[in-house]
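# Predicted model and sequence follow; I will ask about them next.
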Amino acid sequence: MLQLRKRPTPLGWSAPLVFVTAVVLSLAVSALLLRLQGQPAWEGLAVFFQSGFGSTWALEDTLNKAVPLFLCSLGVAVAFKLQIWNIGAEGQFALGAVGATWAALYFSFLPWFFLLPLMLLSATIAGGIWGLIPALLKLYMRANEIITTLMLNYIGILILEFLVYGSWKDRASFGFPMTPVFESGAVIARIGRTNLHYGLLLCLAIGLAMALVLAYTRFGYELKASGENPRAGRYAHIPYKKLVILVLVISGALAGWAGFVETSATLNRLQPSVMAGYGYTAIVVAWLARLNPLGIALFSFLLAGMLVGVEGMQLELQIPAAFGKIMEGLILLTVLSGQFFRNYRFARR
Amino acid sequence: MVPEQSSPPLIRLKGISKSFGQTQANADISLDIRAGRIKALLGENGAGKSTLMSILAGRFQPDRGDVQVRGRTTVFNSPKQAIEAGIGMVYQHFMLVEGMTVAENVVLGQEGRFWLKPKRIFQEVGRLAERYKLEVDPGARVSSLSMGEKQRVEILKLLFRESSILILDEPTTVLTPTEIEQLFQAMRHMSDSGKAIVFISHKLDEVMSVADEVAILRQGHIVDEMEISQVTSTRELALRMVGREIFLHPDKKPISTGRDVLRLQNVWHGPLQDISLRVKSGEINAVVGVAGNGQKPLVEIISGQTPPKQGLITILDKPWKDFYRSSKWLEDFCYIPEDRLGLATCPALDLGDNFLLTTREHFSRGPWLDKKKARAAASDLFKTFNVRFTSLKAKAGELSGGNLQKLVLARELYRRPKLILAEQPSQGLDIAATEEIWNYLLQARGKAGILLITSDLNEALSLADWITVIYRGRIMDTFPAADQEKVSSIGPLMAGLKD
């Protein structure tokens, strides 16, 4: 009989092997499912890789999708470090998109070097407020942040829809819920002749900054200590309330940035389809990366590639959209359960 | 050596060795455990007692050697297999579900029972408790029990599974003197009815009063084994355990005292009634009392966690509010809490990070934290304070109790505080570590005033210049520790008797 046993020391160098095994396993199951649908299994997987990672165009698309995922996930991870379970990146993303759009619509006369920073600022504030509310509710009304952040997601998305269906709707859109296309000054430019945009540089800068802050500042240390043992944090008089507010505002602001980048660079206008679920996937990314900024970058890229790859399969093989979701779920499930084996192993009785 | 006995041992350990990395926790240990006997396993923290018993309880596998149960060699791959073989262990940290009743906790984890019959379980547990004189109400919720009662529930769990070997790991550290006596009675009852009991301890007097035989462990080796009746002097026993002379009467010379560093005037707060006390620089004032008589709220207000409801508190000539509002207070005040692992440290962080917990102010440059400098300072400091560690990267949770306390003390004294609040500083520590901790506190007294909260009379008398007895939130009396007549009345005072 097989038995689960805790490893005396967590798996070291062979941990990536577990990861690869998990991915391969999930792909094998996906291939089997394709087969059962009467589709060519290997060809399907080839299409998946080809459209996710297999060409310059695919890589550009993947990187572009990784940008909002990275920003949301970095924010979520900061809150998780303090054991504050912010599930509200989706709503904070929506508010960021709304904030940026507000600046883009009402200050469209400004040149880009004023307008883009203004959009970034208003997205920061809007997203930050959407993080601040659950922080205050937690600290002063003892409301559980998991519930409040989750609920605020719905409110945030409804605010976005209220605006694009209402006062911000483009008169020339034949009734479709969308704002007018932004002026060119409100659009984040492409890098050179590629399809990549400068939001990628924003990610690099903030990712680097965050890694430095977490590793070398007093704030980063207090976050780690307080998150690891809240009672010891109180003993050492680490200002817990201040930290809770700070991490949730940072968390919200970063998700807000993602909303800004997505509306400005990808859609060039605000419409409900901007909500692609990045805020939820970000939570998974943060966990897979064990809250480490570099890991978040890596897993954002991999998961974005998976999203793009699945889209490619839909297009080329006319596989139903739901199949993409199944594959996504399979990969996440196997990888996450694979992480379990870093600390546990099977042994014969 | 233990004389040959006719009955075969329930458990025979043969040549057990176990090492963790570089440290040899157990070296070639052979030990017999017999039915109807109480065997004390005496040794300092880190001597290898816990490792040996964890091997027996199936949590670790030995590198070498055999475990024989009733004459048959057995390999335990998991705690479950050890339990099936009749070996049960009561750990220092209880594993109970607080929200459930005693009876529910006792049957928890029993296999082969899908349907629970609350009434029958209730009766069964009640009968078991009565039989072994483990007084506890089977219907009571565990969260409402005292530490002593919780421990009885843990023992009942083992008895309910009909374990024939019961291992008690330092069971007396959490108990009051009366509860200790009750525990010893229960232990004798259990051994009389044929159970084998292993009593892990480092307290000589307890071993002498309850055990039938004793094995002494030092640095992973069994250095001696004998019948309690053969022990002629406890001093001899202590020597063998520690391997050198111990002076448990630290050199306490009175030194010149300075200004008041702490003054409480007519403080009322929760159970505290009209508390007045003072601590001068250069002296140790020990608040003595049985745990639960108001020490906790007293510590909470003095350490600045909650503001006092009523009354005046002056710390270093500043009112309480002003003291804790100024940013300098962390420099001047330090608190050594009773709960080292849960409050004073982050067990999952490494030693370097744990050092920074209360010293981070010193290593901050603007928003930055100079971790390199801090780690260098920590490394030196820990060596000076004789903290035994392999690397600063080791997790705090991996240190033994004594080492952890030395780390906390080193860290807290690093800031050169003027007021020290020490709560049960030697609780659960072995003689050698206690001696070191006491000496450090006496040294610190040169530059600071110390308020010592303790329920250990020996500790209070060894360290304090002043004794303050607390009972039900009231101060019964305050007197110099040198006042022999008063000192002899501490016992009655702690029990609330005043002539």
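Ah, there it is. Numbers count the residues shown, from 1 in each chain, chains lettered A, B, ... in the order given.

# from here on, contacts and neighbour counts on C-alpha atoms
Will do.

# Sketch out the low-pLDDT regions of the chain for me.
In the absence of a named chain, chain A is used. Applying pLDDT under 70 to chain A flags the ranges A:1-3, A:8-12, A:348-349.

# You answered for a different chain; I wanted chain B.
For chain B, the ranges with pLDDT under 70 are B:1-7, B:21-23, B:45-46, B:111-114, B:242-251, B:499.

# Give me the neighbour count for the closest residue to chain B within the stretch 1-150 of chain A.
Going by C-alpha to the nearest C-alpha, chain B is nearest to A:Arg5 of the stretch 1-150 of chain A, at 8.3 Å. Neighbour count for A:Arg5, taken as other C-alpha atoms under 10 Å in any protein chain shown: 15.

# My reading is that it lies in a helix. Confirm?
No. A:Arg5 is assigned strand when assessed by DSSP: H, G, I helix; E, B strand; the rest coil, not a helix.

# who's it bridged to?
Note on A:Arg5: beta-bridge partners A:Arg345, judged by DSSP bridges.

# and the longest helix along chain A, what does it pack onto?
Longest helix in chain A, counting residues (DSSP state H): helix A:112-141. For helix A:112-141, the packing partners by 3 or more C-alpha pairs under 8 Å, 6 or more residues apart in numbering or on different chains; DSSP states H and E come out as helix A:89-106, helix A:145-165, helix A:240-261.

# I'd like to know if the next helix or strand after the second one reaches chain B anywhere along the stretch.
Per DSSP states H and E, helix A:145-165 leads on to helix A:199-216 as the next helix or strand towards the C-terminus. Yes. Counting by C-alpha under 8 Å from any C-alpha of the partner chain, contacts between helix A:199-216 and chain B involve A:Tyr216.

# Run through the neighbouring helices and strands of helix A:199-216.
Against helix A:199-216 (3+ C-alpha pairs under 8 Å, 6+ apart) you get helix A:56-81, helix A:218-228, helix A:293-317.

# Deepest in the core, which of those is it.
helix A:56-81 (a mean of 26; mean count of other C-alpha atoms under 10 Å in any protein chain shown).

# got the angle between that one and helix A:218-228?
Interaxial angle of helix A:56-81 relative to helix A:218-228 (axes from the mean of the first three to the mean of the last three C-alpha atoms, to 10 degrees): 70 degrees.

# hang on, the earlier thing: in the longest helix of chain A, which residues are buried?
In terms of neighbour count (16 or more other C-alpha atoms under 10 Å in any protein chain shown), helix A:112-141 has its buried residues at A:112, A:115-116, A:118-136, A:138-139.

# Stretch A:143-161 too?
In stretch A:143-161, counting by 16+ other C-alpha under 10 Å, buried: A:145, A:148-150, A:152-153, A:156-157, A:159-161.

# got the contact list for residue 259?
Reading this off chain A. By C-alpha atoms under 8 Å, 6 or more residues apart in numbering or on different chains, the residues touching A:Gly259 are A:68, A:92-98, A:100, A:123, A:274.

# switch to chain B, that's the one I care about
B:280-281.

# next one: A:Gly233
A:Gly233 touches A:222, A:225-227, A:239-240, B:357, counting by C-alpha under 8 Å, 6+ apart.

# Spell out the secondary structure type for it.
helix.

# Around chain A, which positions in chain B sit nearby?
B:77, B:342-349, B:353, B:357-358, B:360, B:364, B:367-371.

# Neighbour count says what about the residues you listed? Which are buried?
Buried among the residues of chain B next to chain A by 16+ other C-alpha under 10 Å: B:77, B:342-349, B:353, B:357-358, B:360, B:368-371.

# Report the spatially nearest residue to A:Glu222, omitting neighbours in sequence.
Of all residues not flanking A:Glu222 in the chain, A:Ile238 sits nearest, at 6.5 Å (C-alpha to C-alpha, 6 or more residues apart in numbering or on different chains).

# now B:Leu357
Closest residue to B:Leu357 apart from its sequence neighbours, by C-alpha to C-alpha, 6+ apart: A:Ala236 at 6.1 Å.

# Please identify the buried residues of stretch B:192-200?
Neighbour-count burial for stretch B:192-200, counted by 16+ other C-alpha under 10 Å, picks out B:195-200.
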